[in-house]
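Asker: Any chance you could fold what I've pasted below:
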Amino acid sequence: MQKKESWFPEFKPYQGNLDTTPVQIDEYLPAGKSIVLGLQHAFAMFGATVLAPLLMGFDPNLTILITGIGTILFFLITGGRMPSYLGSSFAFIGAVAAATGYAGAGSNPNLALALGGTMVCGLIYAGIGLIVMKTGTRWIEKLMPPIVTGAIVMIIGLNLAPVTIKSVSASSFDTWMAVVTIICISVVAVFTRGMVRRLLLLLGLVAAYFIYFLMTNVMGFGTPINFSIISDAAWIGLPTLHNPVFNANAILLIAPVALILVAENLGHFKAVSGMTGKNLDPYMGRAFFADGICTSMSASVGGTGMTTYAENIGVMAVTKVYSTTIFVVAGLFAILLGLSPKFGAVISTIPVALLGGASIMVFGLITVAGAKIWIDNKIDFSKNSTLIIAAVSLIMGAGNFSLKIGIFDLGGIGTATLAAIVLNLFLNRGEDATSPVPARVDTESVTHP
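Answerer: Numbers count the residues shown, from 1 in each chain. Okay, here's the model as predicted:
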């Protein structure tokens, strides 16, 4: 009789040489090395995890705290078998903007609507995870082949472009500072290496922030940065929590993001499986379920939707350390950081122009990531069916074409996503006419060399 597999693997101490031998998922390192590597993962996720809530009008302090809690919860639910950090997801930005009317500056006045929609999205995603635990991922790969996943990812970036450009058009000074921000991020992305390159969003924003300070507070151009809120903030304290409000229209706009998260994380887990040489397919259902539960948990108190982070997958690729216990340490660091109101006050001083410049970079890279999926999977655009799927869905997304069903509004991203899936099923008769290899969907991966 075959022994039933335990929920957690039997963790054992690492006995190899770190210079030559990878650290496997079920191995753990001494405390000192675990702390250093966990801190590295915390730095890797930091830039994007802070930027995403800022672009949606959420509290970045609370989001950092919740991602730490979520990452530890993800470890427990998956049984420590999936090495991943759960950070704030960029896939929600367009849907949240559509559902709340957020213009990209300050706190989101309709945050509660976004939280309700995100909670439902997380529950749908968790439900998909339960189904995958029973049936496997084959049906997902059939429903969303590379032509569809590539289009969906591109739609996210294209749909956000008008809002992003508007956010940096308040004055000529703001427009030029957005350009400076893009240049700073680009310099870090192209002319640096290793961990510095992986922190391109964080370091690029820091450089642009310093230039903005010189231009405004020192030289007198534009609106100076107000630092008084930093000195007034406490070092330790709980972030302000928020309650969700469940509105049918907001739910309908945000809930379809679950499909994007499935496609995105499927790609991430396939990548981790290839890196570690382990077959992680049996645990993908657990991972989907865990991410969905953590997303709903986050939204229930005021945090953003969550996803596994490609930035941290990149760190694993460089270090060859795949131990899941390292992510528990990273989660603890994030919790400590999130419990500091002074950190939140520092983040709140970032000017809108700099966030707008970073948004142009991020949303552009998301759009290109969708095109890369097509290239990597050798999509055949000589076929009329492929051309129509891509053409119709992209223009719907870029133009914010929105279908209304009674009182419900699908929104631009929801309508375009639905169009890509339905057109693929209809024109290809439910068959994946492209590569059978699932696409790697990296809407979060803006730091890869």
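
Asker: Hmm, Phe75 is touching Ile326, no?
Answerer: No - between Phe75 and Ile326 there is no contact under C-beta atoms under 8 Å: 10.1 Å. For glycine as for every other residue, the C-beta is placed from the backbone atoms N, C-alpha and C.

Asker: out of these two, which sits in the busier spot?
Answerer: Each of Phe75 and Ile326 has its neighbours counted (other C-beta atoms under 10 Å); Ile326 has more, 28 against 23.

Asker: pLDDT at the more buried one, what is it?
Answerer: Listed pLDDT for Ile326 reads 88.

Asker: now Lys3
Answerer: Note on Lys3: pLDDT of 62.

Asker: Mind checking what helix or strand follows the one helix or strand Ile128 maps to in sequence?
Answerer: Using DSSP states H and E, Ile128 sits in helix 111-135. Helices and strands here follow DSSP H and E; after helix 111-135, the next one along the chain is helix 138-143.

Asker: What would that following helix look like as PDB? C-alpha coordinates only.
Answerer: Extracted in PDB, the C-alpha atoms of helix 138-143 (Å, rounded to 0.1, in the frame of the first residue of the first chain):
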ATOM      1  CA  ARG A 138      -4.700  21.000 -18.800                       C
ATOM      2  CA  TRP A 139      -8.000  22.700 -19.300                       C
ATOM      3  CA  ILE A 140      -6.600  26.100 -18.400                       C
ATOM      4  CA  GLU A 141      -3.800  25.700 -21.000                       C
ATOM      5  CA  LYS A 142      -6.600  24.800 -23.500                       C
ATOM      6  CA  LEU A 143      -8.800  27.800 -22.600                       C
END
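
Asker: buried stuff in it?
Answerer: Buried positions in helix 138-143, judged by neighbour count with 16 or more other C-beta atoms under 10 Å: Ile140, Glu141, Leu143.

Asker: Out of the residues you listed, which comes closest to Thr49?
Answerer: Checking the buried residues of helix 138-143 against Thr49 with C-beta to C-beta, the nearest one is Ile140 at 25.8 Å.

Asker: Show the contacting residues for that closest one.
Answerer: Ile140 makes contact with Ile128, Val132, Val262, Ala263, Leu266 under the criterion C-beta atoms under 8 Å, 6 or more residues apart in numbering.

Asker: can you do 10 Å?
Answerer: Applying C-beta atoms under 10 Å, 6 or more residues apart in numbering, we find Ile140 in contact with Ile128, Ile131, Val132, Thr149, Leu259, Val262, Ala263, Leu266, Met284, Phe288, Pro438.

Asker: Count the residues that sit near the fourth one.
Answerer: It stands for Thr149. Close neighbours of Thr149, defined as other C-beta under 10 Å, add up to 29.

Asker: Give me the nearest residue to Thr71, chain neighbours excluded.
Answerer: Counting by C-beta to C-beta, 6 or more residues apart in numbering, the nearest residue to Thr71 once its immediate chain neighbours are dropped is Gly331, at 3.7 Å.

Asker: Tell me where the stretch 1-150 of the chain has strands.
Answerer: Taking DSSP state E, counting those that start in this stretch to define them, one finds strands in the stretch 1-150 of the chain at 12-13, 27-28, 86-88.

Asker: and the last one, what does it pack onto?
Answerer: Which is strand 86-88. Packing partners of strand 86-88 (3 or more C-beta pairs under 10 Å, 6 or more residues apart in numbering; DSSP states H and E): helix 31-56, helix 60-77, helix 284-299, strand 306-308, helix 310-319, helix 325-338.

Asker: Tell me the strands beside it, with direction?
Answerer: Sheet pairing of strand 86-88 (DSSP bridges) gives strand 306-308 (antiparallel).

Asker: which residue is nearest the middle of this protein?
Answerer: Central residue of the chain (C-alpha atoms, centre = their mean): Ser89, 2.8 Å from the mean position.

Asker: wait, that residue sits on Gly70?
Answerer: No - using C-beta atoms under 10 Å, Ser89 is not in contact with Gly70, being 11.1 Å away.

Asker: shared neighbours of those two, anything?
Answerer: Common neighbours of Ser89 and Gly70 are listed as Asp291, Thr295, Ser298, Met306 (criterion: C-beta under 10 Å, 6+ apart).

Asker: ok, now how distant is the closest residue to Pro53 other than its chain neighbours from Asn108?
Answerer: Leaving aside its chain neighbours, Pro53 sits nearest to Thr63 (4.2 Å; criterion: C-beta to C-beta, 6+ apart). In this view, Thr63 and Asn108 are 12 Å apart by C-beta to C-beta, to the nearest Å.

Asker: Give me the more crowded residue out of these two.
Answerer: Taking other C-beta under 10 Å, Thr63 and Asn108 do not tie; Thr63 has more neighbours (28 against 23).

Asker: Pick the most buried one from the strands of the stretch 1-150 of the chain.
Answerer: With neighbours taken as mean count of other C-beta atoms under 10 Å, those reach their highest mean count in strand 86-88, at a mean of 31.

Asker: for the stretch 151-300 of the chain, what are the low-confidence residue spans?
Answerer: 167, 194-199 (pLDDT under 70).

Asker: let's see 90
Answerer: 151-175, 177-178, 181-182, 185-206, 209, 212-213, 215-241, 247-284 (pLDDT under 90).

Asker: Rounded mean pLDDT for stretch 119-127, please.
Answerer: 94.
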